[in-house]
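Chemist: here's my sequence, what's the structure:
(3 chains)
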Amino acid sequence: MDVNAAPFFTAQGLCKSFFGVQVLHDMAFSLRPGQVLGLVGENGSGKSTTMNIVGGVLPMDAGRMTIDGAEYRPRSPGEAEARGIAFIHQELNLFRNLSVAENLFIAGFPKLIKGLPFIDRAKVRARTQELLAAVDLDVAPNTPVSRLSQGERQLVEIAKALGANARIMIFDEPTTSLTTRETDRLFDIIGRLQRQGIAIIYISHILGDVMRLCDDIVVLRDGHLVGSAAKADMTIEKMITLMVGRTIDQMFPPRDPPVTLGGPVLEVRGLSQRGMVKDINLSLRAGEVLGISGLMGAGRSELARILFGMDPFESGEVSIGGTKVAALSPAACMDHGMAFLTEDRRAEGLMMEASIADNVALASLPKFGTTWARFIERTRLGDEVTRVSKAVQINARDLQRTLVKNLSGGNQQKAVIGKWLLHHPRVFILDEPTRGIDVGAKYEVYKIVNQLAAGGAGVLFISSEIEELTGMCDRILVMAHGEIRAEFPRTDFDREAILRAAMWHGLKESA
Amino acid sequence: MAPSGAAELARPRRSLAVRLLVSEYLVLALTAVYFVVMWLLVPAIATADTLLDILAAMMPLLVVSIGQTFVLIVAGIDLAAPSILAAASVVGASMMTGEGGFALFTGVPILVGIIAFLGMGLFIGLLNGICTTRLNMPPFIVTLSTMMFFSGFALFYTSALTDDGSSFGDLPSAFVAIGQGTVHGVPYSLGVAAVVMLVAHVTLSRTVFGQWLYAIGRNPRAAAISGVPVKRAVMWAFIISGLCGGVASILYTGRLETGTPVLGQRILLDIVGAAVIGGVSLFGGKGRVTWTLYGVLFLSVVDKGLQLLGLDLASVFAIKGLVILCAAVLDAVRHRLMLRG
Amino acid sequence: MQVTRRAFTVGALVAAVGSSMSVMVKAEGGKTVALLFDSLVSPFWVSGIEIMREKAKSKGWTTLENISNFDDNKQFEQVKAMISRKVDGILIIQTDAKAVIPAIRAANAANIPMVHFNRPPAKSDAYSVAIQADNRKIMQDTVSFMVAQAKKMGGKYKACILIGDLGDVNAIQRRDGFFDIVNQNKDIIDVVGRVSTEWNADKAFAGLTNAIQANPDINFLVTSSDFLHPQIEQVLKSANKWHKKGEAGHVLFGGFDGDEGAYARLQDGYLDACGVQNLALEVDMAFGAFEDLWAGKKPEKLLLDPGFVISQDDLMAKRDTMWGYTVWKKMQKG
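Modeler: This next block holds a predicted model:
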């Protein structure tokens, strides 16, 4: 790595708009041979847009890029590749049913005789072995890609880029599906590429990795370049501050006014369903945020689904708002003021192809259509949707026209929450409400939860992140093997104790 | 609360051609272009009589396609529509025929006949609805089976109850008037279809039920979790399709003065095609009554143009293929434009 | 701009194809008649439309065509379209005898003559002319010819008839024509087999097999339609009764329709006689009806084609008037 080498790639003033909304403003950066440039920012901050422009996937609206001083304006990914730019995608782009060698040479096999369609098999094998050695991948050239692990496939992609003589390699969240060992190996390879003079653009949410790998770091927020510094002048704290636009001295918003608990709004007695949950007893009070912790498969989501009437139960009883509800169904639960945010917002929470307004309105339609033919009072509904969307701070230009699929994860989650807020829930079950959303949006979701509790609703907060539970909840229940194993009041919150209870592997009680 | 559609993508700063291409009125524009080309070839297409013919002829297709639209919106499909037309036609006509209709003794055979038409549609729709929602069978299989069964039933019913085994004729003139009659030159069928269209449009766009249907088509799981009575709503979509089939059968049967078991046996593609050409999605959640109207208009005008040309079969296929190819090319271009944003 | 250019190209293409087509549809003076068929699925109809095109051309008429594909409603639309085109006459082959009535009324209202080809409409107050083969007469002539042959050869005959679907008037008339003659010749002909085929080839096969098992000495066979020949040939072959005329064990065999299969079996010597619908004559009668109507005359509502019998004796002389021969000739070439 030669710190003093001159940049061979420059980008200046890159701009891009989608549907009239500018998502990238005056992005600029440059690359030296052997440099690793980190690119960080929240979801929707413009990282992927930038890389798609560089990789020829999207055309830029304005700006200028150069390679070796010559104008670079790719019209297709193929053109970008020809100019030495390789994209190692999040979802890998290999043909699973072809062999490693075939994948490496899919764009053009070496021929026995120039101009004739006979493949030089020997040359293919030799070159494949050479490329695989360069990325430390010890598999035979004729191994089908479908037999390789996720990490190995990534190495094949890198080998492919090497084969195409790439000068810039773009890694977009390369470690999300890798094991720790695979990650370490990837970082070794990246170091090796660097020493060969290949420039790397490394995009990741994992700021520790970015600090470890990168020479320089660029921070994006809302499509703007907000910080650019060498590693020596950057810290993780500083990155977060730049990313969210404020210092996070407090990860969790304070409960304001302080907690006052009312009567029970949800009571569960002896709820059991074979293979799912066993003898669940819990009581949720008005104004309370009750956390449920546990490992994957401990029965947390299963409990939530039974409580909302989506799955059956064999025994036990459930009272919502003081009324015993014998036949649980989503409609019955909603009638009693219950709401449920599922863990899978794409499949169960939202209509991706519909507008924000349609999504927010969905659960409350009957309230706005009470006449004989159930005509919807569109003005009143529109006003209410606008009010709720403002309350949960959905960031979109036009609620009626913006499709949910075009929103960031955080805004999508706010749309689901908005849908339930419009229904005025007294009991709100949240299953992993902050999964897959960025730091800023998480904070806003927390604020909404606090407001709900302050307004007298009971919140059942299911999460895999213990920090989140200890930060947000008044009380935490820990589930394991479908049972509630431990209960911690706020005063006794202890990360280790909670984890230990969740990991409880003791003998099952008799019978 | 607007159902999703091309309008969401409409933006300023685009040429007229591009805006037209991505707008929901593309089909109308295509119809107009086709009409002008045909007009140059066969001036007879632009006479008042022909236009009125087109209008009168498309009404039954419009009604049955509107029913189909409801089912398509919930991501279903009603392949049974042609058999609903046929079964309702023969059962309804058998009540009223002068050659020993079952309901002649009541003194109000037309009323009984109309109830029989609607009842047959309701019954088949209900059957489709029950099988799809209660037995969780795919709509494609359910309606394919009911289509075969009731097409067979219509043939059997006719051959068992008529002398020549082919159809029920001699229908009361007051009934025939529903399909054929006009008031001040405007066909009654236009009035019937207009009422169906208006009710369907208001139901889909303005009522809770309509919004539920869109929600089910877009994401049935999210809809169920949001308290939408998914099964009940899907059941009603099939019932509405059946009822529309019954109404359309009244119009067709009146037009032909004959209850025939082969009625509409070959128009399934027109029924589903009209809705899809208009922009209704086969994958659910997207569609409007007006779009279906445009699709039906397009198909009817294309057909009338070809009929007027009076060419041999090979040329007819060649032209129809060309027209559909043009539409497909335009649709592909339109898709690319929409994605590009 | 790329898009508009493409749209323009597509438009230009449509216009070009369209304008070349307009030459074809332009009337060349003289009368224009519409030929409305419900299908072109059998060689009979294909031959029919070809003869019509030819004869119309020789008269200096222009023809317009439409195929309804068995859809009565669509055919009604086609009639209306032809009325809009102000044609001078409409020749129609409808699917349903009753569903065609509104179309006749529409033609009456527009004062355009309508002629039904081969299938008469149901009774109504509307006026139109139908041309139909005289099934009973043709069958009588055919069976008479066979009886004459039988008498020439001498001996007694055990007869079997394959009857069509009795829901079809044509089938009933052909059956009646058969019995008209055999009943007059009970002395030498004994009808031992009546096979109900319902116009279904499988039923015909099974029925004839049973009949021959019950009466292995059947030697006089008549089918109500030539389309059943392949099944008949198969059954007779397996009963070892498929022999040419003049060979020992030959079954006297009579057909009806006069299709290409019938021609081939006549030529090969297996079929003795065939009642033929005189397609060319029927076209002449239909066009003659148009001319009468244009001249202000009012022909009968039903005009019958007497047809003719063709046999091995007069095959060469008469085959040019047999529509099945035209089809057969074409198949030999292609």
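
Chemist: where along chain C do the helices fall?
Modeler: In chain C, the helices defined using DSSP state H lie at C:2-25, C:43-58, C:72-84, C:101-109, C:135-153, C:169-182, C:201-214, C:229-238, C:260-268, C:279-294, C:315-318, C:323-333.

Chemist: of these, flag the one that's most buried.
Modeler: Mean neighbour count (mean count of other C-beta atoms under 10 Å in any protein chain shown) peaks for helix C:72-84 among the helices of chain C, with a mean of 26. Every C-beta, even on glycine, is put in place using the N, C-alpha and C of the backbone.

Chemist: that helix near chain B anywhere?
Modeler: Yes - Helix C:72-84 reaches chain B (C-beta under 8 Å from any C-beta of the partner chain) through C:72-74, C:76-78, C:80-84.

Chemist: now these in TSV, please, with extra columns for distance to residue A:89.
Modeler: Compiled in TSV, the residues of helix C:72-84 next to chain B are given as follows (distance: C-beta to C-beta, whole Å):
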residue	distance to residue A:89
C:72	58
C:73	55
C:74	53
C:76	59
C:77	55
C:78	57
C:80	59
C:81	57
C:82	61
C:83	64
C:84	60
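
Chemist: and which of those residues is nearest to chain A?
Modeler: residue C:73 (33.7 Å; C-beta to the nearest C-beta).

Chemist: just to revisit the earlier point, among the helices of chain C, which is nearest chain A?
Modeler: Within the helices of chain C, the stretch nearest chain A is helix C:2-25; the backing value is 13.4 Å (C-beta to the nearest C-beta).

Chemist: pLDDT added to the residues of helix C:72-84 next to chain B, as a markdown table?
Modeler: A markdown table is the format used below for those (pLDDT from 0 to 100):
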| residue | pLDDT |
| --- | --- |
| C:72 | 91 |
| C:73 | 93 |
| C:74 | 93 |
| C:76 | 95 |
| C:77 | 94 |
| C:78 | 95 |
| C:80 | 95 |
| C:81 | 95 |
| C:82 | 96 |
| C:83 | 95 |
| C:84 | 94 |
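
Chemist: do you know the pLDDT at residue 251?
Modeler: Since you didn't name a chain, this refers to chain A. pLDDT recorded at residue A:251 is 70.

Chemist: that's the other chain; I wanted chain C
Modeler: At residue C:251, the predicted lDDT confidence score is 95.

Chemist: now do residue C:3
Modeler: pLDDT, the model's per-residue confidence, is 46 for residue C:3.

Chemist: likewise residue A:80?
Modeler: 88.

Chemist: list the contacts for residue A:194?
Modeler: Shown in contact with residue A:194 (C-beta atoms under 8 Å, 6 or more residues apart in numbering or on different chains): A:1, A:34-36, A:200.

Chemist: what's the PyMOL syntax to select whichever of those are buried?
Modeler: The buried subset of the contacts of residue A:194, as determined by 16 or more other C-beta atoms under 10 Å in any protein chain shown, is captured in PyMOL by this line:
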select buried, chain A and resi 34+35+36+200
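
Chemist: closest to chain C out of the contacts of residue A:194?
Modeler: Distance to chain C, by C-beta to the nearest C-beta, is smallest for residue A:200 among these, at 36.8 Å.

Chemist: residue ranges in chain B under the pLDDT threshold?
Modeler: By pLDDT under 70, the low-scoring segments of chain B are B:1-14, B:339-341.

Chemist: just give me the residue right at the centre of it.
Modeler: Taking C-alpha atoms, centre = their mean, the centroid of chain B lies closest to residue B:65, which sits 1.7 Å from it.

Chemist: helix, strand or coil: sort out that one for me.
Modeler: With DSSP: H, G, I helix; E, B strand; the rest coil as the basis, residue B:65 sits in helix.

Chemist: can you get me a residue count around the residue nearest to residue A:345 when sequence neighbours are not counted?
Modeler: In space, and not counting its chain neighbours, residue A:345 is closest to residue A:416: 5.5 Å by C-beta to C-beta, 6 or more residues apart in numbering or on different chains. Counted with other C-beta atoms under 10 Å in any protein chain shown, the neighbours of residue A:416 add up to 28.

Chemist: for residue C:86, same thing?
Modeler: Quick note: residue C:86 (other C-beta under 10 Å) scores 11 neighbours.

Chemist: tell me the SS of the residue nearest to it when sequence neighbours are not counted?
Modeler: With sequence-adjacent residues excluded and distances taken as C-beta to C-beta, 6+ apart, residue C:86 is closest to residue B:44, at 7.2 Å. Under three-state DSSP, residue B:44 falls in the helix class.

Chemist: residues in contact with residue B:44?
Modeler: B:50, B:308, C:84-86.

Chemist: outline the domain layout of the chain.
Modeler: Unless you meant another one, I'm taking chain A. Taking automatic domain parsing as the reference, chain A has its domains at A:9-244, A:266-337+A:427-433+A:460-505, A:344-424.

Chemist: that's the wrong chain, I meant chain C
Modeler: Here the domain parsing of chain C from automatic domain parsing is C:28-127, C:135-277+C:310-333.

Chemist: turn those domains into JSON lines, including distance to residue A:55.
Modeler: Putting the domains of chain C into JSON lines (distance: least, C-beta to C-beta, whole Å) gives the following:
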{"stretch": "domain C:28-127", "distance to residue A:55": "53"}
{"stretch": "domain C:135-277+C:310-333", "distance to residue A:55": "62"}
